[in-house]
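Peer 1: The sequence and its predicted three-dimensional model are supplied below.
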Amino acid sequence: MMDWMKNIKVIISDLDGTLYQDYTFLGRYINYLLDGIIDEQEIQGLINESYEILTGKHPIKLGHYYNRQNNRVYTLEELQLMGGIDETHLYLGDPWCIAALYTERYNIGEGTRIYAFERVRKEMINEPYKFPIHNPLFERIGALKLERKIFMTNTAGQSGPEFVKHLAIGQLFDEFIYDAKKPFGIQLVLNRLFSEGYHPFEILSIGDNPFNDLVPVKQAGGKTCLISQYPHEDAIDWDVSVKTIEELAAFLHEFEVIHQ
């Protein structure tokens, strides 16, 4: 048990990669994005590359930044020496961001992006590709006696509510924010919480994408929990790091005990 845990009054939770874990969609998603753009052999090569990036077996890593203008990838340290991060940089923080690298590299149009996204999202909650649900995690969240439990996802459209319905978590959180536009959106939530009298050390953010879910909270003085089966090359120490849904459930059980 960590001493700071007893001070937490608010948790902010991400959706994708946090309340469920599914990495199998990535190959199908890339295939839908690039079908008809390049040939099948090239697509399969990129799918193989995407999983090498995800698992840390490629020179490009989770935690690196893709420059949309020059098609190069940089580490955070390299960008800091070059003047910092700006809107030309795509942070490779999770599988969705890896797929986005290819949409940028091959200049995939918005219509194709929307089609591929909606198709793979439907697959993720239906057979034969339906991802597993870990109910013990939701039991832990439901048992937490905290003042606020906030759900935030960048997913826009109907997919966010559909996933919430599929996971049966509509009663677990006090507030649901879709199309959250993190990381900027999470800063807005922090500002609102601060205006209501909450202190940074009373807030914990949980997510799988450090740039979107954790960095704004850490910079504000809050607490952070990274969930990822694979390493990120950010060189940032999070307050807690877990690899699996099971480990996250065990971590939240500690909160349940502390806040009884």
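Peer 2: Alright, I've got the coordinates. On a predicted model such as this, the values are computed, not experimentally measured, just so you know.
Peer 1: any idea how the chain splits into domains?
Peer 2: 3-21+133-258, 25-124 (automatic domain parsing).
Peer 1: Quick check: which of these is buried the most?
Peer 2: With neighbours taken as mean count of other CB atoms under 10 Å, the domains of the chain reach their highest mean count in domain 3-21+133-258, at a mean of 18. Heads up, the C-betas are built off the backbone N, CA and C, glycines and all.
Peer 1: before we move on, back to that, turn the domains of the chain into JSON lines, including mean pLDDT.
Peer 2: Compiled in JSON lines, those are given as follows (pLDDT from 0 to 100):
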{"stretch": "domain 3-21+133-258", "mean pLDDT": "96"}
{"stretch": "domain 25-124", "mean pLDDT": "96"}
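Peer 1: just the strands in the stretch 101-250 of the chain please.
Peer 2: In the stretch 101-250 of the chain, the strands defined using DSSP state E, counting those that start in this stretch lie at 148-152, 175-177, 203-207, 223-227, 240-242.
Peer 1: and the ones you listed as TSV, adding distance to Asp14?
Peer 2: What follows is the strands of the stretch 101-250 of the chain, written out as TSV (distance: least, CB to CB, whole Å):
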stretch	distance to Asp14
strand 148-152	6
strand 175-177	11
strand 203-207	4
strand 223-227	8
strand 240-242	13
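Peer 1: Indicate which one of those is closest to Thr103.
Peer 2: strand 203-207 (21.9 Å; CB to CB).
Peer 1: List of residues touching stretch 206-226?
Peer 2: For stretch 206-226, contacts defined as CB atoms under 8 Å, 6 or more residues apart in numbering pick out 4, 8, 11-14, 16-18, 63, 91, 93-94, 97, 152, 154, 182-183, 186-187, 190, 199-205, 227-228, 232, 234, 236, 238-242, 248, 251.
Peer 1: And for stretch 137-148?
Peer 2: Residues outside stretch 137-148 that contact it (CB under 8 Å, 6+ apart) are 8-11, 13, 19, 149, 167-169, 171-175, 193, 245-246, 248-249, 252-253, 255-256, 259-260.
Peer 1: From these, which land in helices?
Peer 2: Using DSSP state H, Leu167, Leu193, Ile245, Glu246, Leu248, Ala249, Leu252, His253, Phe255, Glu256 are the members of the contacts of stretch 137-148 that sit in helices.
Peer 1: In contact with Gly157: list those residues for me.
Peer 2: When contacts are counted by CB under 8 Å, 6+ apart, Gly157 touches Glu118, Asp179.
Peer 1: how close does it get to Glu118?
Peer 2: Here Gly157 is placed at a distance of 7 Å from Glu118 (CB to CB, to the nearest Å).
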